[in-house]
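Colleague: Quick one, what's the 3D model for this:
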Amino acid sequence: MKRSDDRILTTHAGSLPRPGDLAAMLLEDHRTQDGAVRARHERVTSATAELVDTQITAGLDVVGDGEAGKPSYIGYVPDRLDGFGGQADDVAIGYMADYPEAAALVPMTSTGQRSTFALPACIGPVSLRDPDAVHRDIRNLTAALAGCNYVEAFMTAASPGNVAMYMTNRYYRTEEEYLYAIADAMRHEYRAIVDAGFILQIDCPDLSRRYDRSPDLPLADVIHDTERNVEVLNHALADLPPDRMRIHICWGNGEGPHHRDTELRHILVAVLRARPSGLLVEGANPRHAHEWKVFDDVDLPDGKLVIPGVVDTTNNYIEHPELVAQRIVAYASVVGRENVIAGTDCGFATAVDYTRVLPRIAWAKLESVVEGARLASKELWGKHAIAPAERTADAGGEGSRPISSSACSSA
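Modeller: Predicted coordinates for the structure are as follows:
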């Protein structure tokens with residue numbers, strides 16, 4: 001990942017609002033109709049280009065495919081791996097035990113199910129089924145980036161622990177066996193993304209959400225589970241360069257009390273042992289906005305970057321750029337300005353039918369990230385700060401072009 005010594009770079013956590021027609025396609029059972037498969041693939045290709053173009057227009061530096069081809073950040077996995085079927089157990093949300101009326105805040109699909117949780121269980125040996133799926137995503141993003149001005153590009157993938165958290169184990173003797181089987185099957189996807197020249201982002205809510213599933217679990221057990229899942233993740237990423245990877249932890253992308261969330265201070269040491277250099281953390285929502293101070297007590301290891309969320313992804317407030325700048329400067333004060341990239345708390349559409357932020361407002365929030373980063377850069381570097389339009393290819397990533405406010409020339 002590129003570090004900047006003259007300004008704060010900007011990115012986001014992965015998923016973006018998909019066009020309405022594509023969202024409908026992603027919710028259909030497309031696997032049995034060849035024509036539907038072709039139409040869906042074609043629309044994913046064009047939608048990826050649209051999403052990249054809009055990110056460039058917003059002024060973002062490190063851009064992605066918006067998860068255009070995925071029905072959800074976790075729900076795509078059963079289409080690519082064997083060993084899954086039936087219905088997984090519901091994943092508990094910790095605050096519901098104390099505030100059951102808050103369950104009404106969780107968006108429902110047209111079928112009355114919470115889409116993110118309507119997933120299969122593990123009923124057989126986990127193995128790779130569709131090795132070309134990730135390469136379709138890679139081809140789409142590569143084509144979409146042609147003619148664009150950007151610093152770097154990234155793609156997301158689910159962590160082994162994330163898959164295990166949502167897709168109940170009904171086959172393996174132990175949870176650990178299950179985790180390592182998933183890790184070995186997902187390794188193909190992880191390597192393909194890095195080999196394509198993109199930053200690999202691993203989505204790891206499993207590292208921070210243990211209390212959601214077992215709110216009465218002793219803290220020592222929570223920390224143990226986090227440490228174990230980090231070990232499994234490192235196994236899957238063992239031969240990949242840390243500086244081409246980042247992980248994202250979060251406490252669920254939903255509105256609610258969140259009073260049972262694991263505190264970052266309890267798990268940060270374990271999380272920082274993960275191989276990827278970048279760490280995306282929630283830094284904007286009211287339950288975790290204060291946690292930048294944790295880095296006063298836990299030193300950021302050499303080579304690591306922090307990518308705090310500086311806008312919330314569960315509400316329709318458009319954060320003021322000056323507030324965004326304050327959040328960026330707070331992190332820079334404890335980890336160093338060169339070790340901060342501005343991001344978002346989570347994705348804006350973690351599932352195509354599970355979103356709290358209106359699409360136009362999501363894009364406005366991203367524009368606020370960009371403007372807030374500009375203000376923070378001016379405060380942190382003064383007259384030496386470089387505006388986005390002044391960036392050169394040498395200052396950007398491999399194959400990147402000068403950064404400007406223009407969209408992709410191929411759009």
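
Colleague: Buried residues in the helix or strand where T226 lies, which are they?
Modeller: Assigned by DSSP states H and E, T226 belongs to helix 219-236. If you call a residue buried by 16 or more other Cβ atoms under 10 Å, then helix 219-236 has these buried ones: V222, I223, D225, T226, N229, V230, E231, V232, L233, A236. (Glycine included, C-beta is placed from N, CA and C.)

Colleague: Over to stretch 304-319?
Modeller: By neighbour count with 16+ other Cβ under 10 Å, stretch 304-319 contains the buried residues 304-315, 318-319.

Colleague: picking up where we left off before, which one of the buried residues of helix 219-236 is nearest to A47?
Modeller: Each of the buried residues of helix 219-236 was checked against A47 using Cβ to Cβ; the closest is A236, at 28.7 Å.

Colleague: residue contacts, the closest residue to the closest one other than its chain neighbours?
Modeller: Closest residue to A236 in three dimensions, ignoring its sequence neighbours and counting by Cβ to Cβ, 6 or more residues apart in numbering: A183, at 3.8 Å. When contacts are counted by Cβ atoms under 8 Å, 6 or more residues apart in numbering, A183 is found next to P160, V232, L233, H235, A236.

Colleague: just to revisit the earlier point, which one of the buried residues of helix 219-236 is nearest to L16?
Modeller: Proximity of those to L16, judged by Cβ to Cβ, is greatest for L233, which lies at 24.7 Å.

Colleague: Which pLDDT value does the model give the closest one?
Modeller: According to the predicted model, the pLDDT of L233 comes to 98.

Colleague: So it is in contact with A158, correct?
Modeller: No. Shown here, L233 and A158 do not form a contact pair, counting by Cβ atoms under 8 Å, at 10.9 Å.

Colleague: Mind putting the buried residues of stretch 304-319 into JSON lines with secondary structure and distance to F198?
Modeller: Written out in JSON lines, the entries for the buried residues of stretch 304-319 read as follows (DSSP: H, G, I helix; E, B strand; the rest coil; distance: Cβ to Cβ, whole Å):
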{"residue": "K304", "secondary structure": "coil", "distance to F198": "20"}
{"residue": "L305", "secondary structure": "strand", "distance to F198": "16"}
{"residue": "V306", "secondary structure": "strand", "distance to F198": "20"}
{"residue": "I307", "secondary structure": "strand", "distance to F198": "16"}
{"residue": "P308", "secondary structure": "strand", "distance to F198": "22"}
{"residue": "G309", "secondary structure": "strand", "distance to F198": "21"}
{"residue": "V310", "secondary structure": "coil", "distance to F198": "23"}
{"residue": "V311", "secondary structure": "coil", "distance to F198": "23"}
{"residue": "D312", "secondary structure": "coil", "distance to F198": "26"}
{"residue": "T313", "secondary structure": "coil", "distance to F198": "22"}
{"residue": "T314", "secondary structure": "coil", "distance to F198": "27"}
{"residue": "N315", "secondary structure": "coil", "distance to F198": "30"}
{"residue": "I318", "secondary structure": "coil", "distance to F198": "29"}
{"residue": "E319", "secondary structure": "coil", "distance to F198": "28"}
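
Colleague: one step back: what is the helix holding T226 packed up against?
Modeller: The contact analysis (3 or more Cβ pairs under 8 Å, 6 or more residues apart in numbering; DSSP states H and E) places helix 219-236 against helix 160-166, helix 175-195, helix 210-213, helix 264-271.

Colleague: what is the rounded mean pLDDT of the shortest one?
Modeller: Confidence for helix 210-213, expressed as mean pLDDT, is 62.

Colleague: partner residues bridging N169?
Modeller: Beta-bridge pairing for N169 (DSSP bridges): C122.

Colleague: then the helix holding T226 to PDB, C-alphas only?
Modeller: Output for helix 219-236, consisting of C-alpha atoms alone and laid out as PDB, is shown next (Å, rounded to 0.1, in the frame of the first residue of the first chain):
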ATOM      1  CA  LEU A 219     -13.400 -11.700  27.900                       C
ATOM      2  CA  ALA A 220     -10.500 -14.100  28.100                       C
ATOM      3  CA  ASP A 221     -12.300 -16.500  25.700                       C
ATOM      4  CA  VAL A 222     -13.200 -13.600  23.400                       C
ATOM      5  CA  ILE A 223      -9.500 -12.700  23.200                       C
ATOM      6  CA  HIS A 224      -8.500 -16.300  22.700                       C
ATOM      7  CA  ASP A 225     -11.000 -16.700  19.800                       C
ATOM      8  CA  THR A 226      -9.600 -13.500  18.200                       C
ATOM      9  CA  GLU A 227      -6.100 -14.800  18.500                       C
ATOM     10  CA  ARG A 228      -7.000 -18.100  17.000                       C
ATOM     11  CA  ASN A 229      -8.800 -16.500  14.000                       C
ATOM     12  CA  VAL A 230      -5.800 -14.300  13.400                       C
ATOM     13  CA  GLU A 231      -3.600 -17.400  13.300                       C
ATOM     14  CA  VAL A 232      -5.900 -19.000  10.800                       C
ATOM     15  CA  LEU A 233      -5.900 -15.900   8.700                       C
ATOM     16  CA  ASN A 234      -2.100 -15.700   8.700                       C
ATOM     17  CA  HIS A 235      -2.100 -19.300   7.600                       C
ATOM     18  CA  ALA A 236      -4.200 -18.400   4.600                       C
END
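
Colleague: Understood, closing this out.
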